[in-house]
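# structure, please.
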Amino acid sequence: MTFPLPHQPYPTRTLAIDESNLLRRFTNSLTAAALHDYDYDCFVKDCNGDVTQDTRHDWQLVKRRDGLNIYRDNAVDATHRDSVTMVEENGRVSSFESSAPGQIQALLCVGTISGTLDDVMHGVKLEDHALVRGNVSLYHVYRQKSPTTVEVHVRAFWQLNGRMRPAVQTYACVESTIAVARVRMCSQMRKLAQLGHSSRSLDSEMDPSCCSLCRRWVGGCFTADKSCAVCQRVICRHCGTSKKLSTVTPHTRQVVTKRQTVCRRCQRKSDESVVVQEPKPAKRSKALSTALRQFTLKN
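Predicted coordinates:
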């Protein structure tokens, strides 16, 4: 299946006031739980900075990547019956036990990533492909720990319904949760793409045989012409770096990722600016992004 989908598989439904209030209360509960787990007295002090010493859970390290550690709570019963909450047509809230629950994966991702809080929040993007797969609850807490480091605290509850093997479920859930390690790279790719859209045409007086940065001669019959993928200016091999950039093809509307050359000027602009063509937001000490997606798998 290719994303984004050409047509939404389900029609748009307007929520009633009671349904909106129910979702708002549930989101507020997740936010309060995220801040409660992240609180110093509740999380760090009780386990002395070591997640495995937390007596409330049975955390097991399952993966490490780029300064982040992801743990799985083995104390969660994978065979318990799940309580499902529904909103009926008359607005009344009812709950019942699901007859065929899936295995619940309770994950915790903690650690630090390089960059600033503005870079991280600009790279976080919640896609909605309108797919029905399972029940997922995620909440992320980001805190600026130093000028170049962001602390990450992620709690994830995955329930992939269906007949997927438990080992495959665990692998898929862990990989999706630890993908937050690439959020700064996504932020830089987005800003480079915005720079490319806003770049102006080249000056007609510029010499195409000279590097636009160091003015070094780049001509010659055995020299391949190189230009910045963002500003389209001619650069030499010393003034450019290779970056993975994603573009959308105009005909098939598919996302294609390939390595392209980016000059040092554009790379510096992407590091300095938070959002191109948008005002820089005020400094924040803590940012919370709560993502709630609930679906049901049809076998």
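
# going by C-alpha atoms from here, please, whenever you check contacts or count neighbours.
Will do.

# in the stretch 51-200 of the chain, which spans are strands?
Under the criterion DSSP state E, counting those that start in this stretch, the stretch 51-200 of the chain carries strands at the ranges 59-65, 68-73, 83-87, 93-97, 104-114, 135-146, 149-159.

# tabulate those (TSV), appending mean neighbour count.
Formatted as TSV, those follow (neighbours: other CA atoms under 10 Å):
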stretch	mean neighbour count
strand 59-65	15
strand 68-73	20
strand 83-87	13
strand 93-97	11
strand 104-114	22
strand 135-146	19
strand 149-159	21
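
# between these, which has the poorest mean confidence score?
When the strands of the stretch 51-200 of the chain are compared by mean pLDDT, strand 83-87 comes last with a mean of 43.

# which ones are touching the residue lying closest to Leu138 once chain neighbours are set aside?
Nearest non-adjacent residue to Leu138, counting by CA to CA, 6 or more residues apart in numbering: Ala156, 4.6 Å away. By CA atoms under 8 Å, 6 or more residues apart in numbering, the contact set of Ala156 is Gln105, Ala106, Leu107, Leu108, Val136, Ser137, Leu138, Tyr139, Thr177.

# circling back: as JSON lines, the strands of the stretch 51-200 of the chain with distance to Leu195 would be great.
Converted to JSON lines, the strands of the stretch 51-200 of the chain look like this (distance: least, CA to CA, whole Å):
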{"stretch": "strand 59-65", "distance to Leu195": "29"}
{"stretch": "strand 68-73", "distance to Leu195": "30"}
{"stretch": "strand 83-87", "distance to Leu195": "45"}
{"stretch": "strand 93-97", "distance to Leu195": "48"}
{"stretch": "strand 104-114", "distance to Leu195": "22"}
{"stretch": "strand 135-146", "distance to Leu195": "26"}
{"stretch": "strand 149-159", "distance to Leu195": "25"}
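
# go through those and name the closest to Ser242.
Ser242 sits nearest to strand 104-114 of all these, at 19.4 Å, using CA to CA.

# may I have that closest one exported as PDB, CA atoms only?
The C-alpha coordinates for strand 104-114 follow below in PDB (Å, rounded to 0.1, in the frame of the first residue of the first chain):
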ATOM      1  CA  ILE A 104      -0.500  -5.400  24.500                       C
ATOM      2  CA  GLN A 105       3.000  -4.100  24.100                       C
ATOM      3  CA  ALA A 106       3.800  -1.600  26.900                       C
ATOM      4  CA  LEU A 107       7.100   0.200  25.900                       C
ATOM      5  CA  LEU A 108       9.200   3.000  27.500                       C
ATOM      6  CA  CYS A 109      11.700   5.000  25.500                       C
ATOM      7  CA  VAL A 110      14.200   7.200  27.400                       C
ATOM      8  CA  GLY A 111      17.400   8.900  26.600                       C
ATOM      9  CA  THR A 112      18.700  12.000  24.800                       C
ATOM     10  CA  ILE A 113      19.100  13.100  21.200                       C
ATOM     11  CA  SER A 114      21.300  15.800  19.800                       C
END
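
# contacts for that strand?
By CA under 8 Å, 6+ apart, the list of residues contacting strand 104-114 reads 66-73, 76-78, 148-160, 170, 173-174, 177-178, 181, 184.
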